[in-house]
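In: Dropping the sequence and predicted coords here.
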Amino acid sequence: MSQPLRVLIVDDEPSQRTGLAAMLSAWGMKPETASDGIEALQRLNSFPADVIITDLNMPGLDGFGLLQRLRESGEMPPTLVLTAYGSIETAVQTVHELGAFWFVEKPIQPAALEVLLRRAGSHAGLRAEKSNLERQLRYKGSLGELVGTSSKMQEIFALLQQAGPSKACVLITGESGTGKELVARTIHELSARRQGPFVAINCAALPETLIESELFGHEKGSFTGASERRAGCFEVAQNGTLLLDEIGEMPMQTQAKLLRILEDSKVRRLGGKSEF
C-alpha cells in the first residue's frame with residue numbers, strides 16, 4: 001500500500017493501547033485507539049482503518065459485539081483478535097463464525113504481529129481494488145449478472161446498491177422472464193449475507209397443504225406423514241437470503257403467518273413449542 005497502514009487498536013487497558021500504538025508507529029504504520037467497541041465504531045466514522053486490532057473481553061461493547069456490528073454493516077476491515085483467555089472454541093467462533101482475519105493470544109509476539117498486520121493490510125488493499133473494479137464495471141453497465149446501459153437500468157443498479165447492505169425485506173415486481181431472480185441474487189451478492197446460502201422457492205408450485213411445512217419446517221409427528229423433523233426454507237436460508245417467488249399465490253392464511261415472521265424475525269416449526 002502506498003500510504004501508511006491505518007490500524008485501529010481497541011482495548012480497555014490504556015497501557016496496552018499506548019504500547020501497541022508506539023510499536024505500530026515504529027513500524028511506519030498510522031495507529032488510532034479506542035477503549036471499547038462503541039468508541040471504535042465512532043472512531044471509524046473519521047478514521048477509515050485498513051486493519052483493526054481488538055481485544056475480546058472489554059466492558060461495554062466487547063470484541064464479539066464489535067465484530068458482529070461490523071459484519072452486519074457489511075464494511076468490516078480485516079480484524080485481528082487479541083485475548084488473554086484464548087481457546088480453540090473461541091478461535092473458531094471469532095475467525096470462522098464472526099469473520100475475524102486472525103486470532104492471537106497475549107502476550108503478543110511483536111515479529112508475528114507485524115507479519116499478520118502487513119498480511120491483513122495486503123488483504124485490505126486487494127478488497128479495495130476489487131471494489132474499485134466493481135464500480136468501474138457498474139459505470140460500464142454491469143452489476144453482478146445484470147447488464148444494461150439505459151437510464152432505467154442505472155436507476156435499478158442504484159436501488160440495488162442501497163438495498164444490498166440493508167436488512168430490509170425487498171419486494172421485486174415485474175413480468176415473467178424480466179429477471180426478478182437475477183435481481184434477488186444480485187442483492188444477495190451485495191449484502192453482508194453473501195457467504196450464506198441463497199434459497200429460492202416458488203410459492204405457486206407448492207400444494208396449499210404443504211407450503212407451510214416447506215416454509216417453516218415441522219417437528220416429527222406434527223401431522224400425518226411427518227415421520228421426522230424437517231427444516232423449512234427460512235431455517236435453511238439462515239444467515240443468507242430467501243427468495244419467495246410468486247408470493248402473491250401464497251394462501252392468505254399463510255401470508256398472515258409470514259407477516260409475523262418478517263416483523264419478529266423468528267420462526268416456529270409446525271408442531272414446535274419454541275421459536276428460533
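Out: It's in.
In: could you dump stretch 30-42 to PDB, C-alpha only?
Out: Extracted C-alpha coordinates of stretch 30-42, given in PDB (Å, rounded to 0.1, in the frame of the first residue of the first chain):
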ATOM      1  CA  LYS A  30      -0.700   5.000  11.500                       C
ATOM      2  CA  PRO A  31      -2.400   3.900  14.700                       C
ATOM      3  CA  GLU A  32      -5.600   5.200  16.300                       C
ATOM      4  CA  THR A  33      -7.000   3.900  19.600                       C
ATOM      5  CA  ALA A  34     -10.400   3.200  21.300                       C
ATOM      6  CA  SER A  35     -11.300   1.900  24.700                       C
ATOM      7  CA  ASP A  36     -14.200  -0.300  23.700                       C
ATOM      8  CA  GLY A  37     -16.400  -1.300  20.800                       C
ATOM      9  CA  ILE A  38     -18.700   1.700  20.900                       C
ATOM     10  CA  GLU A  39     -15.800   4.100  20.800                       C
ATOM     11  CA  ALA A  40     -14.300   2.100  18.000                       C
ATOM     12  CA  LEU A  41     -17.400   2.400  15.900                       C
ATOM     13  CA  GLN A  42     -17.300   6.200  16.500                       C
END
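In: Now it: buried residues?
Out: With burial defined by 16 or more other C-beta atoms under 10 Å, the residues of stretch 30-42 counted as buried are 30, 31, 32, 33, 34, 35, 36, 37, 39, 40, 41. Bear in mind the C-beta positions are built from the backbone N, C-alpha and C, glycine included.
In: just stretch 228-238 next, same as before
Out: For stretch 228-238, by 16+ other C-beta under 10 Å, it's 230, 232, 233, 234, 235, 237.
In: Same question for the helix or strand containing residue 17: list its buried residues.
Out: Element membership of residue 17 [criterion: DSSP states H and E] is helix 14-26. Of the residues in helix 14-26, 16, 17, 20, 21, 23, 24 count as buried by neighbour count, 16+ other C-beta under 10 Å.
In: With stretch 42-62 instead?
Out: Buried-residue list, stretch 42-62, by 16+ other C-beta under 10 Å: 43-44, 47, 49-56, 58, 61-62.
In: try stretch 100-115
Out: 100, 101, 102, 103, 104, 108, 113.
In: before we move on, what about stretch 211-230?
Out: Result for stretch 211-230 [16+ other C-beta under 10 Å]: buried residues 211, 212, 213, 214, 215, 216, 217, 218, 219, 222, 230.
In: Name the residues that touch that stretch?
Out: Outside stretch 211-230, the residues that touch it by C-beta atoms under 8 Å, 6 or more residues apart in numbering are 201, 203, 206, 231-235, 250-251, 254, 257-258, 261, 267-272.
In: OK, contacts around the nearest residue to residue 180 once chain neighbours are set aside?
Out: With C-beta to C-beta, 6 or more residues apart in numbering as the criterion, residue 180 has its nearest non-adjacent residue at 4.7 Å, and that residue is residue 172. Residues counted as contacts of residue 172 (C-beta under 8 Å, 6+ apart) are 180, 183, 184.
In: Those residues into TSV, with extra columns for pLDDT?
Out: Below are the contacts of residue 172 laid out as TSV (pLDDT from 0 to 100):
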residue	pLDDT
180	93
183	94
184	94
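In: May I ask which of these has the most neighbours?
Out: Greatest neighbour count in these, by other C-beta atoms under 10 Å, goes to residue 183: 22 neighbours.
In: A helix includes residue 248, no?
Out: Yes. Judged by DSSP: H, G, I helix; E, B strand; the rest coil, residue 248 forms part of a helix.
In: number of nearby residues for it?
Out: 9.
In: That one and residue 255: what is the separation?
Out: Distance, residue 248 to residue 255, by C-beta to C-beta, to the nearest Å: 9 Å.
In: what do you get for residue 197?
Out: 24 Å.
In: and if you look at residue 181?
Out: Distance from residue 181 to residue 255, by C-beta to C-beta: 21 Å.
In: Next: residue 198.
Out: Taking C-beta to C-beta, one finds residue 198 at 22 Å from residue 255.
In: returning to what we had before: what about the buried residues of stretch 100-115, which are in helices?
Out: Counted as lying in helices by DSSP state H, out of the buried residues of stretch 100-115, are residue 113.
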